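Enquirer: Using only what follows, build the 3D model:
(one chain, ligands or ions: 1)
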Amino acid sequence: MHFIDRRRFLQSSSLALAAGYSRALFAAETPEFAEQPSFEPQGLFLTWQRDPTTTMTIQWIGKEEERARRPIWFARAGVDDWSQQTGSVRDFPMTEKKVFRTELTGLAPDTEYRFRVGLDSAEQRFRTMPAKATNPIHFVSGGDAGVGSHTEATNRLAAAQAPQFVVLGGDLAYENGRSPETFYQFLSLYSRGLREEKRLIPMLACIGNHEVNGSYDRGRDAAPFFYSVFDGLFSDTSYACLDFGDYLSLVFLDTNHNAPVGGAQTDWLAQTLKQREQMPTVFCFDHVPTYPSVRPVNFDDLEVGTGADNRKHWSPLFERYNVDAVFEHHDHAYKRTHPMLDGHIDKRGVLYLGDGSWGKLRRPATPEQRPFLAVSHEAYHLSVHRIEGDQRSHVALTDTGRVVDVCVTTKKSRLKAS
Ligand SMILES: [Fe+2]
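Expert: Modelled structure (predicted):
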């Protein structure tokens, strides 16, 4: 009996037999975990590829021999109903290492689970998302992280918000599709920093130029590290949608890195948003900003300059389906736009939040210089988002924890243009 404590097993067996209920034979299995952890899985982090109310994807990076006899053990917190599951193996590009991925499915919503990698690592925890948005949903977003000291500080600040998950809108590690060491370091910093004691905080992401060797108009092969850990969600395309039960959809877009903004991606976006007209909350995430706070834009002619493709192809769809906010990055500042409709400030329009300063910084234009900006700020920052009934609140924090912006919006009906 390799994994099961024999004494406990025999004890539970006799009890189960006494009860005449054979299924209980294995209900009280307790694996023989090491009293002192002797193995630490590297780059351990959580993400999702399917409904976060009932699934969790666990990934770590290591050598093939490290994975031998180390399945994922998991159980609901407080209940000794341990199960084990092995997962898939893929290459960690340009190295001898592998990415080990285990997707747990059929989980109970809004439930805390314990898990371990094998019997000899420390206990970790995760929590599934609730089945219904009856309680507030809260998460942290940002972009342009990197691996510097500011990244670590923002990681710590993010964890202190105890979010249910984190979304990074591109330019995660700045490995440029070429440096396994840099991507590995990014994952390690996230693994150590984005946790609430034992509870790991899942990470979702969209692709940015610094995931790609060549930045723009390249194939998936040019972004090997991004896909080595995120091709569960982005299995066929560089854009995807993740639905949380029937209350929240996150739409992840690609601003010309692996797929053109126009054409098939825009057709997919139109279909995706139309299918979610009844979804209470729809947020979109992209990397290159539609309304940039730093890079050049000519607001007398919105068909040129940074974000021109987004404005041409996506903004009409964001507006038509009245998405609740668009999160975008790349410019390394904090910005919030006024609600924008057809290139003009309009209270029926769409809110754009950004602009990617988790770990990188530039000086943004002021609202006087760019009238579409409601707020801009030169600061490392993250944003905390909360969905509570009809209200969505967005709070921007600097890396020192100072609040630089608070925005509360109320749910509007979709425009439903013909
Ligand atoms: Fe970027």
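Enquirer: Contacts only, for the residue in the stretch 51-200 of the chain that the ion sits nearest to.
Expert: At 4.3 Å from the ion, Asp171 is the closest residue in the stretch 51-200 of the chain, using C-beta to the ion. The way it works is simple: take the backbone N, C-alpha and C, and place the C-beta from them, glycine included. Residues in contact with Asp171, defined by C-beta atoms under 8 Å, 6 or more residues apart in numbering, are 143-146, 208-211, 287, 329-330, 356, 360.
Enquirer: got the residues of the stretch 251-400 of the chain near the ion?
Expert: Listed as neighbours of the ion in the stretch 251-400 of the chain under the rule C-beta under 5 Å from the ion: His330.
Enquirer: Can you classify the residue of the stretch 51-200 of the chain closest to the ion by secondary structure?
Expert: Using DSSP: H, G, I helix; E, B strand; the rest coil, the structure places Asp171 in coil.
Enquirer: Can you give me the distance of it to Pro37?
Expert: 34 Å (C-beta to C-beta, to the nearest Å).
Enquirer: and what of Phe139?
Expert: Applying C-beta to C-beta to Phe139 and Pro37 gives a distance of 29 Å.
Enquirer: Compare the two and say which is more crowded by neighbours.
Expert: A count of neighbours by other C-beta atoms under 10 Å puts Phe139 above the other of Phe139 and Pro37, at 23 against 15.
Enquirer: I'd like the next helix or strand past the host helix or strand of that one.
Expert: Using DSSP states H and E, Phe139 falls within strand 137-142. Next along the chain after strand 137-142, taking DSSP H and E as the criterion, comes helix 149-160.
Enquirer: Which secondary structure elements does that following helix sit against?
Expert: strand 137-142, helix 180-193, strand 381-388 (3 or more C-beta pairs under 8 Å, 6 or more residues apart in numbering; DSSP states H and E).
Enquirer: Centre of the chain to the longest one, how far?
Expert: To tie it back to what came earlier, the one meant is helix 180-193. 15 Å (C-alpha atoms, centre = their mean, to the nearest Å).
Enquirer: now that helix against helix 149-160, angle please.
Expert: 30 degrees (axes from the mean of the first three to the mean of the last three C-alpha atoms, to 10 degrees).
Enquirer: could you give me the average pLDDT of helix 180-193?
Expert: Average pLDDT, helix 180-193: 97.
Enquirer: list the contacts for the residue nearest to Gly343 when sequence neighbours are not counted?
Expert: Of all residues not flanking Gly343 in the chain, Leu302 sits nearest, at 4.9 Å (C-beta to C-beta, 6 or more residues apart in numbering). Contact analysis of Leu302 by C-beta under 8 Å, 6+ apart lists 308, 311, 343.
Enquirer: next one: Arg101
Expert: Taking C-beta under 8 Å, 6+ apart, we find Arg101 in contact with 57-59, 87-90, 229, 232.
Enquirer: Now list the buried members of those.
Expert: 57-59, 87, 229, 232 (16 or more other C-beta atoms under 10 Å).
Enquirer: Could you identify the least confident member of those residues?
Expert: Gly87 (94).
Enquirer: Which residues of the stretch 51-200 of the chain lie near the ion?
Expert: Close to the ion, as judged by C-beta under 5 Å from the ion, the stretch 51-200 of the chain has residues Asp171.
Enquirer: how much space between Gly169 and Val288?
Expert: Between Gly169 and Val288 the computed distance is 10 Å (C-beta to C-beta).
Enquirer: Then Thr95?
Expert: Thr95 sits 29 Å away from Val288, going by C-beta to C-beta.
Enquirer: out of those two, which sits in the more crowded spot?
Expert: The neighbour comparison of Thr95 against Val288 (other C-beta under 10 Å) goes to Val288, with 27 against 13.
Enquirer: give the contact list for the residue lying closest to Ser215 once chain neighbours are set aside.
Expert: Once flanking residues are discounted, Ser215 sits nearest to Asn209: 4.0 Å by C-beta to C-beta, 6+ apart. By C-beta under 8 Å, 6+ apart, the contact list for Asn209 reads 170-171, 215-216, 257, 287-288, 330.
Enquirer: now the residues you listed: which count as buried?
Expert: By 16+ other C-beta under 10 Å, the contacts of Asn209 give 170-171, 257, 287-288, 330 as buried.
Enquirer: possible to save those as a markdown table with pLDDT?
Expert: Listed next are these as a markdown table, based on pLDDT from 0 to 100:
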| residue | pLDDT |
| --- | --- |
| Gly170 | 97 |
| Asp171 | 96 |
| His257 | 97 |
| His287 | 97 |
| Val288 | 97 |
| His330 | 95 |
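Enquirer: State which one residue of the stretch 251-400 of the chain is found closest to the ion.
Expert: As assessed by C-beta to the ion, the ion sits closest to His330 within the stretch 251-400 of the chain, at 3.7 Å.
Enquirer: Hmm, His287 and that residue touching each other?
Expert: Yes: using C-beta atoms under 8 Å, His330 is in contact with His287, at 5.2 Å.
Enquirer: Show me the common contact partners of the two, please.
Expert: Counting by C-beta under 8 Å, 6+ apart, the residues touching both His330 and His287 are 143, 170-171, 208-209, 255, 356.
Enquirer: Give me the contact list for stretch 107-121.
Expert: Residues outside stretch 107-121 that contact it (C-beta under 8 Å, 6+ apart) are 3, 31-34, 37-41, 44, 53-56, 58, 60, 69-77, 104, 122-131, 198-199, 245.
Enquirer: ok so, going back, average pLDDT across the strand holding Phe139?
Expert: Averaged over strand 137-142, pLDDT sits at 97.
Enquirer: Tell me how far that strand lies from the chain's centre.
Expert: 9 Å.
Enquirer: Tell me which other helices or strands that strand touches.
Expert: Secondary elements touching strand 137-142 (3+ C-beta pairs under 8 Å, 6+ apart): helix 149-160, strand 166-168, strand 381-388.
Enquirer: re the thing from before, now the common contact residues for Gly169 and Val288.
Expert: 208, 328.
Enquirer: Show me how the protein divides into domains.
Expert: Following automatic domain parsing, the chain resolves into domains at 1-30, 38-127, 137-410.
Enquirer: Please report the separation between the first and final residues of stretch 331-343.
Expert: 20 Å (C-alpha to C-alpha, to the nearest Å).
Enquirer: For that stretch, the averaged confidence score.
Expert: If you average the pLDDT values across stretch 331-343, you get 95.
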